[in-house]
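S.K.: Prediction below, plus the sequence it came from.
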There are 2 protein chains.
Amino acid sequence: MEQQNVTGPQATASDMACPEYPQGLKWTRQRKNVYRVLWEAKEPLNAVQIYKLAAQYAEGEEYALSTIYRILSTFEEKGLVEKTSWVEDTAVAYSLNRGQHTHYAVCLECHRRIPLQGCPFAHMNVDCGAGGFTVTGHKLEVYGYCSECREQQGRGQIEN
Amino acid sequence: MEQQNVTGPQATASDMACPEYPQGLKWTRQRKNVYRVLWEAKEPLNAVQIYKLAAQYAEGEEYALSTIYRILSTFEEKGLVEKTSWVEDTAVAYSLNRGQHTHYAVCLECHRRIPLQGCPFAHMNVDCGAGGFTVTGHKLEVYGYCSECREQQGRGQIEN
DNA sequence: TTTCTAAATGCAATTCATTTGCATCTGGAA
DNA sequence: TTCCAGATGCAAATGAATTGCATTTAGAAA
């Protein structure tokens, strides 16, 4: 009987494992912790944030930032993780690829990132016009002002 | 009679001027050339690309890359220019804010960027669910495979 | 269990995009 | 023509991400 990884995204952090974990990759302490951080994250995090959070789980252990980068790019290569980049932020952010993706409404004033309910494209047949382009994914960001920042307006136009 | 800038985006490069040019900004040689490059660009360019193209227009003149960055960020601040960032590219790209924006379909194989015909959101009421968020803009990127790369498939999956 | 090796990591140095401080220059109002 | 706030050039600094190499380790095989 082959051993099954019944733990995984459902599992608690202590025995965190990953059923979709690709063959040939070692399930190291560092990778477990990075996976755990991403699993618990409520929004995409950049490498340094992940580095710091992962270090908390690894009391006393040494962590190299470069290792985090390498883990993240391996995970991305294997489809475990999604990369996102935002114009207002120089660093790239990473999130677990949970199948259903999330888009965000970004407030231009306070920079808060508000997750959108569902994907507007879910019911939409993206016709590219570019004949023959096979769409496998998309990335969407909506900009504007959140209700709070909207209130204290009157000044907040482009011209400061 | 106040002087009118009848040249502008419609003008030829030699007398390139900009009607929407904000008050208080000097219309310098460097800025003219950056504006010209952006005006003629068929797709968003990064700072180094703009730097090189602008230098061509300014035969023999000195240009500093840092100046290009400063011009671009000033232009963006004033709403003349839009910034875009792509996950596959570390550098930020800039394009003239022409009112109507363009989205792209990005081929994951050859990285070609195919402009989409019109904006899928044009006819779409973006309901954020996030109550009260006022949408002023959005950014969309579609990923997949262009027809050419699609043909020579069979191997090109994630695992490689 | 122990052995063994390809894969993973730590570390330090490197690359590359972007920013900044400061002295000099210049567009354009007076 | 004068004059100065705003622009620029230059060089150094910052910050994200990558890379080379020696060392460690997960996990398959013995």
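M.R.: Now that the structure is in, tell me what you want to look at. Numbers count the residues shown, from 1 in each chain, chains lettered A, B, ... in the order given.

S.K.: For chain A, what lies in contact range of DNA strand C?
M.R.: Residues of chain A lying close to DNA strand C by Cβ under 7 Å from any atom of the strand are A:24-26, A:28-31, A:61-64, A:66-67, A:70-71, A:74, A:90. (Glycine included, C-beta is placed from N, CA and C.)

S.K.: domain ranges for chain A?
M.R.: A:1-97, A:100-160 (automatic domain parsing).

S.K.: Least reliable of these by average pLDDT, please.
M.R.: Per-stretch mean pLDDT for the domains of chain A is lowest at domain A:100-160 (a mean of 59).

S.K.: Show me which residues of stretch A:52-70 are buried.
M.R.: Residues of stretch A:52-70 classed as buried under the neighbour-count rule (16 or more other Cβ atoms under 10 Å in any protein chain shown) are A:53-55, A:57, A:63, A:67-69.

S.K.: wait, I meant stretch A:74-85
M.R.: By neighbour count on 16+ other Cβ under 10 Å, the buried set for stretch A:74-85 is A:75-76, A:78, A:80-85.

S.K.: what's the helix or strand for A:K32?
M.R.: helix A:29-40 (DSSP states H and E).

S.K.: re the thing from before, in helices, which of the buried residues of stretch A:52-70 fall?
M.R.: Counting by DSSP state H, the buried residues of stretch A:52-70 place A:53-55, A:57, A:67-69 in helices.

S.K.: Now do the contacts for A:Y69.
M.R.: Contact partners of A:Y69, counting by Cβ atoms under 8 Å, 6 or more residues apart in numbering or on different chains, are A:A47.

S.K.: so how far is A:I114 from it?
M.R.: In this view, A:Y69 and A:I114 are 28 Å apart by Cβ to Cβ, to the nearest Å.

S.K.: A:K83 now?
M.R.: According to Cβ to Cβ, A:K83 and A:I114 sit 21 Å apart.

S.K.: Could you do A:Y51 as well?
M.R.: A:Y51 is 26 Å from A:I114, by Cβ to Cβ.

S.K.: A:A91 now?
M.R.: 20 Å.

S.K.: Neighbour count for the two, which is higher?
M.R.: It is A:I114, of A:A91 and A:I114, that has more neighbours when counted by other Cβ atoms under 10 Å in any protein chain shown, with 20 against 12.

S.K.: Can you name the helix or strand that that one falls in?
M.R.: strand A:113-115.
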